[in-house]
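Colleague: Sequence and predicted structure are below.
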Amino acid sequence: MSNFEDSRRAFLLKTGAGLGWLSLAELLGTPAFAQSPIPVDAHAGLPGFPHVPARAKRVIYLHMLGAFSQNDTLDYKPMLEKMHGEELPDSVRGTRRLSTMVKGQTSFPIVGPVSAFKRYGSSGFMVSDAVQHLGGIIDDVCVIRTMNTEHVNHDPASKFLHTGFQIAGRPSTGAWVTYALGSANKDLPMFVVMSSGNPGGVPIDASTWAAGFMPSHYQGVQFRSGQEPVPYIESPAGHTKKDRRDMLDAIGRLAQIQRAASNDPEIPSKINQYEMAYRMQSSVPEVADISTEPKHVLDLYGPDVEKPGTFARNCLLARRLAERDVRYTMIVHMGWDHHGGIAARLPATCREIDQPSAGLVRDLKQRGLLDDTLVVFGTEFGRTSFAQGTLKTNFGRDHHGGNFCVWLAGGGVKPGLVYGETDDFGYNIVKDPVHIHDLNATILRLVGIEHERLTYRSQGREFRLTDVAGKVVNEILA
């Protein structure tokens, strides 16, 4: 074989392999032809951010997983009491999508609220006795009564709430915020996740705090209950902190060589995570230790604050993380899927979260942190104003994406505002709808980000948290 043939074959093999690698890299979102900028310092954020002056420096997101019932808590409808047991008119129910759990029902009896309502605050806003502590801070929060989503199943709805897409693989809101803005505390994760409650058939889904196609160090770091909030960050028995430091330095030198050869963004991301774990050996135990908190502060959160892993303890830890400038904290409380026994189960579940969430707002406010901390209390969808099952049985309420409630506090939101109106049956929106994309666009604006200008290139296209939709709800901004 001639030298020319050898050269030609070598050229074709190398070129073919190279083009194949570039195509695969583009599909996988790794840096082939184009790549979104990644800060050299993972905590630094991107140049040019924030776009506008930030009202909030940090976000605490309280997700009531399983669907928080709006008509039993924050959207009072006298018509439901008046017509309890009567059929929801077909003209009201219309053609709205139902879940498979009630599609076979031939009767849709109206259910009145399971707890009494009374007026709270300077506006006299009607709040259920089930969330009376929230009633006590109603002048400090903004209630949106007209949230809506296309989804009526928990898994896609939760993903959609946090990532703007119903299938796993997209970055969560926390990942988008920390990618753009970074963090002011290099000893703690930029994005922390905690959970509480009983799943009750709706398990927690890690994809709701994932980094998706972004480098993995933007994903949420889950803190667990107990003496070791983050598993495996402590050095093994017989190894000193210096041993770990020497090991990380050696791995870092090897990683730099590998990064120079492959240009893989996951290599520095992994090193960043190793370094964070090293720093968390001292920072996490300090955050988790509440022994220095005075009794009057613990009392704000209620008796469950003494128990690790409860919603109350997690709310207190969220305040301690906010003090330390953690950019995004997400608390998921499970147990809201009340398809049966709602008359007893909903008030019981509300008792787990009512005083702690109100206590969190009060605590942030008394420390001067509420002005630049955005608290969001949300859920993936609401629940129907008609019964699942019959009123003679242990009835509940089914999933409902047509309208539900979210409240926000601090961080540039108008306090004491009730936004949006629903019909007399609490089933349809009649004024000022707010879609999930609108809520996420508004959260981004409050931390200084224009949602249409925050993009990330993956799989050959630019992605946004709000996809190709979303508008800022300017009416709720202070």
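Modeller: Received, thanks. Bear in mind that the values here come from a model prediction, so they are computed numbers and not experimental data.
Colleague: switch to C-alpha atoms for all contacts and neighbour counts from now on
Modeller: Fine.
Colleague: Cross-check the contact I'm expecting between L98 and H400.
Modeller: Yes: assessed by C-alpha atoms under 8 Å, L98 is found in contact with H400 at 7.4 Å.
Colleague: Just want to know which of these two has more residues nearby.
Modeller: H400 (26 against 18; other C-alpha atoms under 10 Å).
Colleague: quick revisit: and for L98 and H400, which residues touch both?
Modeller: Jointly contacting L98 and H400 under the rule C-alpha atoms under 8 Å, 6 or more residues apart in numbering are V152.
Colleague: And the helices in the stretch 51-200 of the chain, which stretches?
Modeller: Taking DSSP state H, counting those that start in this stretch as the criterion, the stretch 51-200 of the chain contains helices spanning 78-82, 90-93, 132-136, 154-163, 173-181.
Colleague: Let me know which of those is tucked in deepest.
Modeller: helix 173-181 (a mean of 26; mean count of other C-alpha atoms under 10 Å).
Colleague: so who does T390 touch?
Modeller: 107, 109.
Colleague: and it, how far is that from L181?
Modeller: Remark: distance between T390 and L181 (C-alpha to C-alpha, to the nearest Å) = 51 Å.
Colleague: is it possible to export the helices of the stretch 51-200 of the chain to JSON lines including distance to A237 and mean pLDDT?
Modeller: As requested, these are exported to JSON lines (distance: least, C-alpha to C-alpha, whole Å; pLDDT from 0 to 100):
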{"stretch": "helix 78-82", "distance to A237": "62", "mean pLDDT": "97"}
{"stretch": "helix 90-93", "distance to A237": "63", "mean pLDDT": "95"}
{"stretch": "helix 132-136", "distance to A237": "46", "mean pLDDT": "98"}
{"stretch": "helix 154-163", "distance to A237": "39", "mean pLDDT": "98"}
{"stretch": "helix 173-181", "distance to A237": "34", "mean pLDDT": "97"}
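Colleague: how about those, which one is nearest T379?
Modeller: Smallest distance to T379 across those (C-alpha to C-alpha): 8.0 Å, for helix 154-163.
Colleague: For I342, list the residues it contacts.
Modeller: Shown in contact with I342 (C-alpha under 8 Å, 6+ apart): 114, 394-397.
Colleague: L417: which of these is nearest?
Modeller: L417 has its nearest neighbour among these in V114, at 24.6 Å by C-alpha to C-alpha.
Colleague: List the contacts of the nearest residue to the closest one once chain neighbours are set aside.
Modeller: Leaving aside its sequence neighbours, V114 sits nearest to A343 (C-alpha to C-alpha, 6 or more residues apart in numbering; 5.2 Å). Residues near A343 by C-alpha under 8 Å, 6+ apart: 114-115, 396.
Colleague: out of the helices of the stretch 51-200 of the chain, nearest to F404?
Modeller: Taking the helices of the stretch 51-200 of the chain one by one with C-alpha to C-alpha, helix 154-163 is closest: 12.8 Å.
Colleague: Helices of the stretch 251-400 of the chain, residue ranges please.
Modeller: Assigned by DSSP H, counting those that start in this stretch, the stretch 251-400 of the chain shows helices spanning 266-288, 295-301, 311-323, 342-366.
Colleague: deepest of these, which one?
Modeller: Comparing the helices of the stretch 251-400 of the chain by mean neighbour count (mean count of other C-alpha under 10 Å), helix 311-323 ranks first with a mean of 24.
Colleague: got the angle for that one vs helix 266-288?
Modeller: Going by axes from the mean of the first three to the mean of the last three C-alpha atoms, to 10 degrees, helix 311-323 is angled at 110 degrees with respect to helix 266-288.
Colleague: what's the offset of helix 311-323 from the middle of its chain?
Modeller: Taking C-alpha atoms, centre = their mean, to the nearest Å, one finds helix 311-323 lying 15 Å from the centre of the chain it belongs to.
Colleague: Identify the farthest-apart pair in the contacts of I342.
Modeller: Every pair of the contacts of I342 checked by C-alpha to C-alpha; the farthest is V114 and N394, at 12.9 Å.
Colleague: For the nearest residue to R93 once chain neighbours are set aside, give me the pLDDT.
Modeller: Leaving aside its chain neighbours, R93 sits nearest to Y427 (7.4 Å; criterion: C-alpha to C-alpha, 6+ apart). In this model, Y427 is scored at 98, pLDDT.
Colleague: What separation do you get for Y427 and T442?
Modeller: Distance from Y427 to T442, counting by C-alpha to C-alpha: 24 Å.
Colleague: just F125 next, same as before
Modeller: 24 Å.
Colleague: Name the residue in these two with the higher neighbour count.
Modeller: T442 (23 against 20).
Colleague: Cross-check the contact I'm expecting between the more buried one and T466.
Modeller: No: contact criterion C-alpha under 8 Å: T442 and T466 do not qualify, at 10.4 Å.
Colleague: what sits against the residue nearest to E421 when sequence neighbours are not counted?
Modeller: Closest residue to E421 apart from its sequence neighbours, by C-alpha to C-alpha, 6+ apart: K431 at 5.0 Å. For K431, the contacting residues are 146, 420-422, by C-alpha under 8 Å, 6+ apart.
Colleague: For H51, give me its contacts.
Modeller: The contact partners of H51, by C-alpha under 8 Å, 6+ apart, come to 448-450.
Colleague: quick one: which of the residues you listed is most hemmed in?
Modeller: Going by other C-alpha under 10 Å, I449 tops these with 23 neighbours.
Colleague: what helix or strand does that residue sit in?
Modeller: I449 is part of no helix or strand when elements are defined by DSSP states H and E.
Colleague: ok, it touching P50?
Modeller: Yes: counting by C-alpha under 8 Å, P50 is a contact partner of I449 at 5.5 Å.
Colleague: Regarding the nearest residue to L454 once chain neighbours are set aside, what are the backbone dihedral angles?
Modeller: Among residues not flanking L454 along the chain, R464 sits closest, at 6.4 Å (C-alpha to C-alpha, 6+ apart). Main-chain torsions, R464, degrees, to the nearest 10: phi -130, psi 160.
Colleague: Would you mind measuring from R464 to V447?
Modeller: From R464 to V447 the distance is 16 Å (C-alpha to C-alpha).
Colleague: Repeat that for D264.
Modeller: 30 Å.
Colleague: If you count surrounding residues, which of these two has more?
Modeller: A side-by-side neighbour count of D264 and V447, using other C-alpha under 10 Å, places V447 first with 27 against 16.
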